[in-house]
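Q: Provided below are the primary sequence and the corresponding predicted coordinates.
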2 protein chains.
Amino acid sequence: MSEQPGKYAYEGLDRVLHEKARLGILTSLFTHPEGLVFGEIKLLCSLTDGNLSRHLQVLEREGLVTIAKSSGEGRPQTSCRLSELGRERYLEYLEELQAVLQAASEQQKDQEQFNPGWSPA
Amino acid sequence: MSEQPGKYAYEGLDRVLHEKARLGILTSLFTHPEGLVFGEIKLLCSLTDGNLSRHLQVLEREGLVTIAKSSGEGRPQTSCRLSELGRERYLEYLEELQAVLQAASEQQKDQEQFNPGWSPA
């Protein structure tokens, strides 16, 4: 075995972002740079009010999302956006995900069972 | 917002496989179909003895890895391999990871900041 130590340690899989629900929330916000309101995220990520609140708190505390409460006419709304830091860390996280897929892809290169449909840049 | 509910729920990110250390262990075993001994996995995944033992127990209990102890000449060795079920579930898990990358990639399609270097099959 000639591989380097720690090759599969994936230190870049930051636990704040790697948690499944938070990864969904961040992906929904990344794909909606204009922001989303609480009810939209809840629906898109299939989360309960309590779960979404809890995870948004974690993300806000880490500076990854910004949360604004509006109280104009009609019902008050909570709207969320990815912060610049959140965007940077999300992209770094995605690079590590790519490393996992690339490792698997290299193994499968000569086999037909798994075709990830992409190749390393 | 016309997207389908649950689009970012990522149900396929199975918690058994999504846990960072276990994802590393499974990737190391997937890329070494001949199997690895305990000390090799420990090194490749930067885990302590205790952590690796604990995660291997979880994976064995779920039927994802098979563990064999040899007691021939020299030091006894623990060797691990991915089971057929483990291989299947790992590949299913990777498909869901691709879905995350694809969602991000679609968002970034017209931007230069993120080039994932792959396109959907």
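A: Yep, that arrived.
Q: for chain A, what are the low-confidence residue spans?
A: A:1, A:110-121 (pLDDT under 70).
Q: Could I get the full set of helices for it?
A: A:15-18, A:20-30, A:38-45, A:49-61, A:84-107 (DSSP state H).
Q: quick one, what contacts the spatially most central residue of chain A?
A: Centroid-nearest residue in chain A, with C-alpha atoms, centre = their mean: residue A:23, separated by 3.1 Å. Going by C-beta atoms under 8 Å, 6 or more residues apart in numbering or on different chains, residue A:23 touches A:17, B:10, B:13, B:100. For glycine as for every other residue, the C-beta is placed from the backbone atoms N, C-alpha and C.
Q: ok, and the most crowded of those?
A: residue A:17 (23 neighbours; other C-beta atoms under 10 Å in any protein chain shown).
Q: Assess the claim that that residue and residue A:26 are in contact.
A: Yes: if you go by C-beta atoms under 8 Å, residue A:17 and residue A:26 touch, sitting 6.2 Å apart.
Q: Between these two, which contacts overlap?
A: A:64, A:90.
Q: before we move on, the earlier item: out of the helices of chain A, flag the one nearest residue B:50.
A: helix A:15-18 (18.6 Å; C-beta to C-beta).
Q: what's the spacing between that closest one and its chain's center?
A: 8 Å (C-alpha atoms, centre = their mean, to the nearest Å).
Q: do it and chain B meet at all?
A: Yes: counting by C-beta under 8 Å from any C-beta of the partner chain, chain B is contacted by helix A:15-18 at A:15, A:18.
Q: Buried residues in that helix, which are they?
A: A:16, A:17, A:18 (16 or more other C-beta atoms under 10 Å in any protein chain shown).
Q: Let me know the closest of those to residue B:33.
A: Nearest member of these to residue B:33, counting by C-beta to C-beta, is residue A:18, at 26.0 Å.
Q: Nearest spatial neighbour of the closest one, chain-adjacent residues omitted?
A: Among residues not flanking residue A:18 along the chain, residue B:20 sits closest, at 5.9 Å (C-beta to C-beta, 6 or more residues apart in numbering or on different chains).
Q: what's around the one you found, how many residues?
A: 18.
Q: so who does it touch?
A: Counted by C-beta under 8 Å, 6+ apart, residue B:20 has contacts A:10, A:13, A:15, A:18.
Q: okay, those residues in CSV with distance to residue A:49 next?
A: Shown next, in CSV, are the contacts of residue B:20 (distance: C-beta to C-beta, whole Å):
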residue, distance to residue A:49
A:10, 32
A:13, 28
A:15, 24
A:18, 23
